[in-house]
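S.K.: this is a predicted model, with the sequence first.
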Amino acid sequence: MKTMDENKLKQALMRHLGFGVAVEGLQRLPGGASHVTWSLDAVKEDGERLPLILREGPDLAKHDSNSGQLDCLSEYRLLKAAETTGVPVPRIYFMFEPEDEVGFGYLMERIEGETIPRKILRDEAYAPALPLMAGQCGEILARIHKVDISELSFLRPVPPDMSPAGQAIGQFQQILTALGEPHPAFELGLRWLEERLPSAERITLVHGDFRNGNLIVGPEGVRAVLDWELSHIGDPMEDLGWLCVKSWRFGVNDRPVGGFGAYDELFAAYEKASGIPVDPKTVHFWEVFGNIKWGVVCIVQAMSFLMGVRRTVEHAALGRRICETEYDVMNLIS
Amino acid sequence: MAQDRPTAVELLDAVREFLEKDILPETKGGRAFHTRVAINVLSIVARELREAPAFDAVEREELRTLLGHDGELGELIRELAERIRNGSLDGKRREVMAHVRKTVEAKLKIANPGYLNA
């Protein structure tokens, strides 16, 4: 749904919140294909202002469960679960109901702060946050990985005969085959991974896209973790490796953790908060995997030009950036 | 049949210089960004026209040795990828790694030479 009936939204807010409000500043935020995000303020009669975010997507009947993306009800339940172990997430208010006629989605708090990586890494306002962020990320990831997965039955389990890494490698081989363009460097990377499958001692909730760009940051550091739609069950070290992938450093390569920190800071904070030692080799494994995953994303974006979906010179040029990631993968596995 | 000059590369240079000198200063925001991307794309194509034939010849020759037969370059690359995946080239890992590194570097020398030293 690309439009929003402001009056129906107002009625729904009053019904769920239990007090009268006016809706102000309703606007659709950029980005998102199947899921749409709206920003709004609910203003109470006494003038108090609730900054809000509304997430909305296809209902369960229309949701493509093969997309790898969670439906809004799952996202809602996941955020509720993450709250219980102290993960900094926006406060979740409620799931809309069919009689609200607002759409299939939920309402949460809008947390102010910066999400654009280049600003976080370069603006003076966030300079005090940078030395803290690797440690904060370690602690937050430890909390994410503590979420009780027996409450998350809507997330697809790892097949009993497979390791999370083995499953993930198989998926990427399928995607590479389906995309049709041979990439020997990525095949070498996947072969390298197959020969080093970590024993999956722990199976936990994995955020799936925990990186610079999906964190709301203030001068004091990370305020909240966003973008949970790629969450799944797997090897917790996948999240640590993905956070260190080169493209999320936004050019600050001497700080491998998101362009803001060092591996040791991330690992030490994770160990302290979880009580579980981090094997740097396993994180390196997932960092290699993450770089290949990023390469596949670049191939998909170039394909969107070739198939006429995004006919811009920018998308065309992305195809010629794939070899940058191939080069990174070769360096990581040599 | 040889075409009259300017050569293809010289024509691309002409278009690139037009975009750089006449169009880019007149644009801003998203339009300026896309103009820069377009200029970069023309540079890639010019480098490819100049350098790719030599790179391709070396790549094909190395693949002929690695795979044990000749063929069209695209088909040889496809076979290389398949055989890395199915493990039948595991015994030649060092040679395969060296070859793939060299071809990736050749791609970068055309697509973004600056990345090699970054």
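M.R.: On my side now, so go ahead.

S.K.: quick check: residues of chain B near chain A?
M.R.: Residues of chain B lying near chain A by C-beta under 8 Å from any C-beta of the partner chain: B:33-34, B:37-38, B:40-41, B:44, B:77-78, B:80-82, B:84-85, B:87, B:90, B:96-97, B:100-101, B:103-105, B:107-108, B:111-112, B:115-116, B:118. For the C-beta atoms, the positions are set from N, CA and C on the backbone; glycine is no exception.

S.K.: can you list the domains in chain A?
M.R.: According to automatic domain parsing, chain A comprises the domains A:6-109, A:117-333.

S.K.: in chain B, which helix is the longest?
M.R.: helix B:29-67 (DSSP state H).

S.K.: buried residues, the helix or strand that it is followed by. List them.
M.R.: Downstream of helix B:29-67, the next assigned helix or strand under DSSP states H and E is helix B:73-85. Buried residues in helix B:73-85, counted by 16 or more other C-beta atoms under 10 Å in any protein chain shown: B:Leu76, B:Ile77, B:Arg78, B:Glu79, B:Leu80, B:Ala81, B:Arg83, B:Ile84, B:Arg85.

S.K.: ok, now stretch A:219-233?
M.R.: Per 16+ other C-beta under 10 Å, stretch A:219-233 contains these buried residues: A:221-233.

S.K.: from those residues, which is closest to A:Pro277?
M.R.: A:Ile233 (21.6 Å; C-beta to C-beta).

S.K.: got a list of what that closest one touches?
M.R.: A:Ile149, A:Leu152, A:Leu155, A:Arg156, A:Pro157, A:Val158, A:Pro164, A:Ile203, A:Thr204, A:Leu205, A:Val206 (C-beta atoms under 8 Å, 6 or more residues apart in numbering or on different chains).

S.K.: ok so it is a strand residue?
M.R.: Yes: counting by DSSP: H, G, I helix; E, B strand; the rest coil, A:Ile233 is part of a strand.

S.K.: run through the bridge partners of it.
M.R.: A:Leu205 (DSSP bridges).

S.K.: let me know the angle separating the longest helix of chain B from helix B:73-85.
M.R.: Relative orientation of helix B:29-67 and helix B:73-85, computed by axes from the mean of the first three to the mean of the last three C-alpha atoms, to 10 degrees: 70 degrees.

S.K.: ok now helix B:29-67, how far from the chain's centre?
M.R.: 3 Å (C-alpha atoms, centre = their mean, to the nearest Å).

S.K.: list the buried residues in it.
M.R.: B:35-43, B:45-48, B:52, B:55, B:59, B:62-63, B:66-67.

S.K.: try stretch A:247-262
M.R.: A:Ser247, A:Trp248, A:Arg249, A:Phe250, A:Val252, A:Arg255, A:Pro256, A:Val257, A:Gly258, A:Gly259, A:Phe260, A:Gly261.

S.K.: for it, the distance to its chain's centre please.
M.R.: On C-alpha atoms, centre = their mean, the centre of stretch A:247-262 falls 17 Å from that of its chain.

S.K.: give me the residues contacting that stretch.
M.R.: Contacts for stretch A:247-262 (C-beta under 8 Å, 6+ apart): A:117-118, A:120-121, A:129-131, A:133-135, A:137, A:211-213, A:242-244, A:246, A:263, A:265-266, A:291, A:294, A:325, B:118.

S.K.: so A:Glu101 versus B:Gly30, what's the distance?
M.R.: 36 Å (C-beta to C-beta, to the nearest Å).

S.K.: and A:Thr84, by the same measure?
M.R.: For A:Thr84 relative to B:Gly30 (C-beta to C-beta), the value is 43 Å.

S.K.: now the residue lying closest to A:Met95 once chain neighbours are set aside: which helix or strand?
M.R.: Leaving out its chain neighbours, the residue that sits closest to A:Met95 by C-beta to C-beta, 6 or more residues apart in numbering or on different chains is A:Tyr106, at 4.6 Å. Assigned by DSSP H and E, A:Tyr106 belongs to strand A:104-109.

S.K.: I'd like the buried residues of helix B:73-85 as JSON lines, with pLDDT appended.
M.R.: Listed next are these as JSON lines, based on pLDDT from 0 to 100:
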{"residue": "B:Leu76", "pLDDT": "98"}
{"residue": "B:Ile77", "pLDDT": "98"}
{"residue": "B:Arg78", "pLDDT": "98"}
{"residue": "B:Glu79", "pLDDT": "98"}
{"residue": "B:Leu80", "pLDDT": "98"}
{"residue": "B:Ala81", "pLDDT": "98"}
{"residue": "B:Arg83", "pLDDT": "98"}
{"residue": "B:Ile84", "pLDDT": "98"}
{"residue": "B:Arg85", "pLDDT": "97"}
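
S.K.: and the pLDDT at residue 6?
M.R.: I went with chain A, as the question did not name one. On the pLDDT scale, A:Glu6 is placed at 89.

S.K.: should've been chain B
M.R.: 95.

S.K.: next, the contact list for A:Tyr148, please.
M.R.: Just to correct that, residue A:148 is Asp rather than Tyr. Neighbours of A:Asp148 in contact, by C-beta under 8 Å, 6+ apart: A:Ala81, A:Thr84.

S.K.: re earlier: show residues contacting the strand holding A:Tyr106.
M.R.: A:13, A:16, A:50-60, A:71-73, A:75-76, A:79, A:90-96.

S.K.: again, 7 Å this time
M.R.: A:51-59, A:72, A:76, A:90-96 (C-beta atoms under 7 Å, 6 or more residues apart in numbering or on different chains).

S.K.: which PyMOL command selects the buried ones in the residues you listed?
M.R.: Buried residues within those, by 16+ other C-beta under 10 Å, are selected in PyMOL with:
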select buried, chain A and resi 52+53+54+55+56+57+58+72+76+90+92+93+95+96
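
S.K.: next, the residue nearest to A:Asp235 when sequence neighbours are not counted: phi, psi?
M.R.: Leaving aside its chain neighbours, A:Asp235 sits nearest to A:Pro164 (4.2 Å; criterion: C-beta to C-beta, 6+ apart). Note on A:Pro164: backbone dihedrals following degrees, to the nearest 10 are phi -60, psi -40.

S.K.: run a quick neighbour tally on A:Pro164.
M.R.: Applying other C-beta atoms under 10 Å in any protein chain shown, we find 24 residues neighbouring A:Pro164.

S.K.: neighbours around residue 8, how many?
M.R.: Reading this off chain A. 14.

S.K.: let's do chain B instead
M.R.: 12.

S.K.: follow-up on the earlier one: any chance of the buried residues of stretch A:247-262 in JSON lines, plus pLDDT?
M.R.: Converted to JSON lines, the buried residues of stretch A:247-262 look like this (pLDDT from 0 to 100):
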{"residue": "A:Ser247", "pLDDT": "93"}
{"residue": "A:Trp248", "pLDDT": "95"}
{"residue": "A:Arg249", "pLDDT": "96"}
{"residue": "A:Phe250", "pLDDT": "95"}
{"residue": "A:Val252", "pLDDT": "96"}
{"residue": "A:Arg255", "pLDDT": "97"}
{"residue": "A:Pro256", "pLDDT": "98"}
{"residue": "A:Val257", "pLDDT": "98"}
{"residue": "A:Gly258", "pLDDT": "98"}
{"residue": "A:Gly259", "pLDDT": "98"}
{"residue": "A:Phe260", "pLDDT": "98"}
{"residue": "A:Gly261", "pLDDT": "98"}
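
S.K.: many thanks, we can stop here.
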